[in-house]
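1. Below: sequence and its predicted model.
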Amino acid sequence: MSAASTAEPAFAAKTKTGRFTDFVDSRVGGSGILREFGRKVFPDHWSFMFGEVALYSFVILLLSGTFLTFFFDPSMAETHYDGSYVPLKGVEMSVAYNSSLDISFDVRGGLFMRQVHHWAALLFVASIAVHMLRVFFTGAFRRPREMNWVVGGVLLILAMAAGFTGYSLPDDLLSGNGLRIIDGVIKSIPVIGTYISFFLFGGEFPGTAIIGRLYVLHILLVPALILLMIVLHLFMVVIHKHTQYPGPGRNDNNVVGYPLGPVYAAKAGGFFFIVFGVLALMAGFFTINPIWNYGPYDPSPVSAGTQPDWYIGFVDGALRLMPGTLGDWQVEQDWFGYVFSFNVLLPALVPAGILFTVMFMYPWIERWITKDDREHHVLDRPRNAPTRTAIGMAGFVWYCVMWAAAGSDLIATHFGVSLNDVTYWLRTLFFVGPIIAFIVTKRVALALQRKDREIALHGRETGRIVRLPHGEFIEVHAPLDEYKRYKLVGFESPEVLPAVPNEHGVVTRKEKRRAFLSKWFFEDRVAPATPAELEAAHGHGHAAVEAPEEAKSLSH
Amino acid sequence: MGNHSDGSPNHSGTVATAGQNEVEKFQDPGIPPHRLRLADTDPKAAKRAERQVALLFGISVVGTLIFLVAYFAIDLGSGESTIGTIRLQNMLLGLGTAFAMLGIGTGIVHWAKALMPDHEVSEERHAIRYEEDRQAAVRIVDDIVEETGIKRRPLIRNTLLGAVALAPLPAVAIFGDLGPRPDEKLAHTMWAPQDGKLKRLARDPDGTPIRAADVTIGSAFHVIPEGLNELHEGKLNEKAKAVVLLMRLDPDSLNPSEGREDWGYNGIVAYSKICTHVGCPVALYEQQTHHLLCPCHQSTFDLTQECKVIFGPASRPLPQLPIAVDDEGYLVATSDFKEPVGPSYWERDMHERSVNS
């Protein structure tokens, strides 16, 4: 590499780019970095692109957001609209809403940039969420990546904060009602709730301060924190190197993939333009947040079918699901002359609290149960970790039930069913849904593992039916080549770890609990097929339809 | 082809028997042999791929041109421009950007996939840190802690902890002027009589007063206090507390509780429009069932039971505004609400008691 030339004066780069590289390097000393990264190997898989989508949407958010700041005025002073959107002519509104309308109707390309910004924000949170699901279900959070998992979780929260602060800025009717709900939730906080509400809004709701304050948070504080977290996140990715899916030739000591330059850089760089292009298409063709239809914020009207942006939906849904009265008993309680608004506090804090706490702690929970402190760089296929996959699906379904509840009125009107019934069903699913999801997912994962075993041992179905001399029909199975087989058998399958006494010879309560969970995790595991089993399967001549019984008899 | 006899987990088709020796594993066959692409073997295919990449880049150029034409040729400033013009421009800007970006993106990716070497290579992972470094790092931290003597001098440690714990307090306190103290502001609305004059009920948003005679059975009015629109400051703040729904029902269907018999007039009743859940406007009136419904979280209130909650997440009934008719036949509020309106808050009960005392 021409960049490594500083130490040897005799070395002379032969090409023009080589001389340029040398010129820069001899002044900034980047040869070490280039040597490390220029050909660094990155594994390739479609599911690794979600994180890239998130990163690229963030870049697009910064670009489009900067444009919007040139025209947006976060003042809540009153003004009368005099722009080119006729239906609102002369209407009294805040300067913030006025300038949002001007961006939409009087700044050329302003509407386009607003829509790019809003779509990119929705995609940003969505891609972070899907990326986290990928990381969870493939076990990529295991050592040494636990801390990066936490940084990712913080990024998700920050992304939601960025989204919500931005959503409120245009000061339209819809987002104003969103703020009204936030104010109601804040007021339900015991002891300090009323004060926080007054401090946030600079007095009574809505006041004249909130838009300006949210604006500073939205364009300065939150993006700076996001940027910091992204730097940390990527720094750790570099330290750890990327994980890879299991397969022939891949193990915990190597990385198999394409070198950064040129192939991987080209693919990843090109992908930025693809994400940008898709967002531009959406912004051009699909209206998002048509604030001119809602009108300026006014505490009196509200339109039916109001919806928050999708990532706030699960909290709004939880608020809807909580009953405020049980029979004649009020969930809101007056104790010692003070108000405890459990009907607001519980749904606003508890589900989100549980989701994020379990999410942040999960790497350590699983490490404790499995006592597995090794480094993992090869991912699990979700089916090969059935209990983890089932836990993830239970959480995912729980989230989705709450999210669906945020649209309970739309479900009722679209399907012509009673709103109350929809709520009753969703309340039931809130409790039952995760349990069903857990059981179904675990069974499906175990079934897929057994299917893998069978294919590994007896080959794939060819669809060729053969009649044997004694009249029996069998379907011929074709054996797999060793690369395909290794994909099905080359995985780790942790076993139940019974409780062991500590150095004093005592089995502690905690250890018993760990052993119980270990049993719950792994007692029904399906072990990967072994060469001996394969030998035995072939020993029976045809790998044919009797196979399952053979596998069973072999397994004891 | 499933193993149907697998009833219990312990008898599933596994080899997971405790105490068994390490089960023999399949050998890793290594990275599968590389398969050449068409473009690697056939120069014609390579040439074709090259042309395709160039074509995609060309499409990008076209996209940029579409954007520029749409930006400069469509004039928003002219008197003719309508929402249709803006939609058209927005669509063309989106289309142009999409072509410009997707052309470059797909071109580069196609180039990488079809023409750049696609040999998968394997690279060793290095340890995140080396044993020697690790021990040195631990030793250094220990040395640093030792040299400060913080463990041997608890007085220093404890006073430092105390100082550091208190030091952020000014940083919290300095935000004290973010807002005024709440005091009892939430307990009062504009409906309180001013200088002995009762406030008339006026239509939202134009502010014209409402005659009792105009309110027919089954009708509903969105109501604001008279004089709200003339406020110069804090109009929205007052409106956020004072908005009211006015409805007229058959007087027999109302069941006023003791002390509230004269809060209505001839079946006309007025209730706060701000939901007791988290404060959305309870804007939907179901005339047939006499229910009020909040569109945000679907709390449902029954008018015939003094707006008791019959469904949804709200806990408390909507506060009722006591009304009467003045000499000229207009509806007036005889007093402010007898309790704080809107979402509950910590001091609400205290305020309710002080309002009624």
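-> In hand now; what should we look at?
2. how close does residue A:413 sit to residue A:316?
-> Separation of residue A:413 from residue A:316 (Cβ to Cβ, to the nearest Å) stands at 17 Å. In this view, the C-beta of every residue, glycine as well, is placed from N, C-alpha and C.
3. swap in residue A:455?
-> Taken as Cβ to Cβ, the span from residue A:455 to residue A:316 is 45 Å.
4. of those two, who's got more company?
-> Each of residue A:455 and residue A:316 has its neighbours counted (other Cβ atoms under 10 Å in any protein chain shown); residue A:316 has more, 25 against 20.
5. Where does pLDDT dip in the stretch 451-556 of chain A?
-> Residue ranges of the stretch 451-556 of chain A with pLDDT under 70: A:539-556.
6. In it, what residue lies closest to chain B?
-> Residue of the stretch 451-556 of chain A nearest chain B, by Cβ to the nearest Cβ: residue A:524 (3.3 Å).
7. Got phi/psi on that residue?
-> phi -100, psi 30 (degrees, to the nearest 10).
8. what about it, distance to residue A:442?
-> Per Cβ to Cβ, residue A:524 is found 8 Å from residue A:442.
9. ditto for residue B:326
-> In terms of Cβ to Cβ, residue B:326 sits 71 Å off from residue A:442.
10. Comparing those two, which shows the higher neighbour count?
-> Under the neighbour definition other Cβ under 10 Å, residue B:326 and residue A:442 were set side by side, and residue A:442 has more, 19 against 13.
11. Not counting its neighbours along the chain, what's nearest that one?
-> Leaving aside its sequence neighbours, residue A:442 sits nearest to residue A:390 (Cβ to Cβ, 6 or more residues apart in numbering or on different chains; 4.0 Å).
12. Now name the helix or strand holding that neighbour.
-> helix A:386-405 (DSSP states H and E).
13. Going by contacts, tell me the helices and strands next to that helix.
-> Helices and strands touching helix A:386-405, by 3 or more Cβ pairs under 8 Å, 6 or more residues apart in numbering or on different chains; DSSP states H and E, are helix A:110-137, helix A:313-321, helix A:342-370, helix A:419-458, helix A:509-522.
14. pLDDT (mean, whole number) over it?
-> For helix A:386-405, mean pLDDT is 97.
15. can you give me the angle it makes with helix A:110-137?
-> Per axes from the mean of the first three to the mean of the last three Cα atoms, to 10 degrees, the angle that helix A:386-405 makes with helix A:110-137 is 150 degrees.
16. and the next helix or strand after helix A:386-405, which residues are buried?
-> Where DSSP H and E defines the elements, the next helix or strand beyond helix A:386-405 is helix A:408-415. Buried residues in helix A:408-415, counted by 16 or more other Cβ atoms under 10 Å in any protein chain shown: A:408, A:409, A:410, A:411, A:412.
17. Against residue A:427, how distant is the fourth one?
-> For residue A:411, the distance to residue A:427 equals 14 Å [Cβ to Cβ].
18. How about the first one?
-> Using Cβ to Cβ, we find residue A:408 at a distance of 10 Å from residue A:427.
19. what about stretch A:418-435 and chain B, touching?
-> Yes: contact of stretch A:418-435 with chain B (Cβ under 8 Å from any Cβ of the partner chain) involves A:419, A:420, A:423.
20. contacts for that stretch?
-> Residues outside stretch A:418-435 that contact it (Cβ atoms under 8 Å, 6 or more residues apart in numbering or on different chains): A:317, A:320-321, A:323, A:394-395, A:397-398, A:400-402, A:404-405, A:408-409, A:411-412, B:298, B:311-312.
21. quick one: average confidence on that stretch?
-> pLDDT averaged over stretch A:418-435 gives 96.
22. Count the neighbours of the residue nearest to residue A:442 for me.
-> Around residue A:390 sit 23 other residues, with neighbours defined as other Cβ under 10 Å.
23. which among the residues of stretch A:418-435 next to chain B end up buried?
-> By 16+ other Cβ under 10 Å, the residues of stretch A:418-435 next to chain B give A:419, A:423 as buried.
24. Show me which of the residues of stretch A:418-435 next to chain B is closest to residue B:83.
-> Lowest distance from residue B:83 to those (Cβ to Cβ) belongs to residue A:419, with 33.3 Å.
25. if we can go back for a sec, do I have it right that the residue nearest to residue A:442 meets residue A:437?
-> Yes: with contact defined as Cβ atoms under 8 Å, residue A:390 and residue A:437 form a contacting pair (7.5 Å).
26. still on that earlier bit, would you mind listing the residues touching both of residue A:524 and residue A:442?
-> residue A:386.
27. next one: the longest strand along chain A to chain centre, how far?
-> Of all segments of type strand in chain A, defined using DSSP state E, the longest is strand A:460-467. The chain centre lies 42 Å from the centre of strand A:460-467; the measure is Cα atoms, centre = their mean, to the nearest Å.
28. List the strands paired with that strand, with their directions.
-> Partner strands for strand A:460-467, per DSSP bridges, with pairing direction: strand A:473-478 (antiparallel).
29. so how far is the strand it pairs with from its chain's centroid?
-> The chain centre lies 43 Å from the centre of strand A:473-478; the measure is Cα atoms, centre = their mean.
30. what about the helix or strand following that strand, near chain B?
-> With elements assigned by DSSP H and E, the helix or strand that comes after strand A:473-478 is helix A:482-489. Yes: Helix A:482-489 reaches chain B (Cβ under 8 Å from any Cβ) through A:482, A:483, A:485, A:486, A:489.
31. hey, C-alpha coordinates of helix A:482-489 in CSV?
-> Only the C-alpha atoms of helix A:482-489 are listed here, as CSV (Å, rounded to 0.1, in the frame of the first residue of the first chain):
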residue,chain,number,x,y,z
GLU,A,482,-21.5,-30.6,3.2
TYR,A,483,-21.7,-26.8,3.0
LYS,A,484,-25.4,-26.8,3.1
ARG,A,485,-25.5,-29.4,5.8
TYR,A,486,-23.1,-27.5,8.0
LYS,A,487,-25.4,-24.5,7.9
LEU,A,488,-28.1,-26.8,9.5
VAL,A,489,-25.9,-28.5,12.1
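32. what about residue 309, how many neighbours?
-> With no chain named, the answer covers chain A. Residues near residue A:309, counting by other Cβ under 10 Å, number 20.
33. Not quite, go with chain B.
-> By other Cβ under 10 Å, the residues close to residue B:309 number 26.
34. how much space between the closest residue in space to it that isn't next to it in sequence and residue B:305?
-> Nearest non-adjacent residue to residue B:309, counting by Cβ to Cβ, 6+ apart: residue A:325, 5.0 Å away. Per Cβ to Cβ, residue A:325 is found 12 Å from residue B:305.
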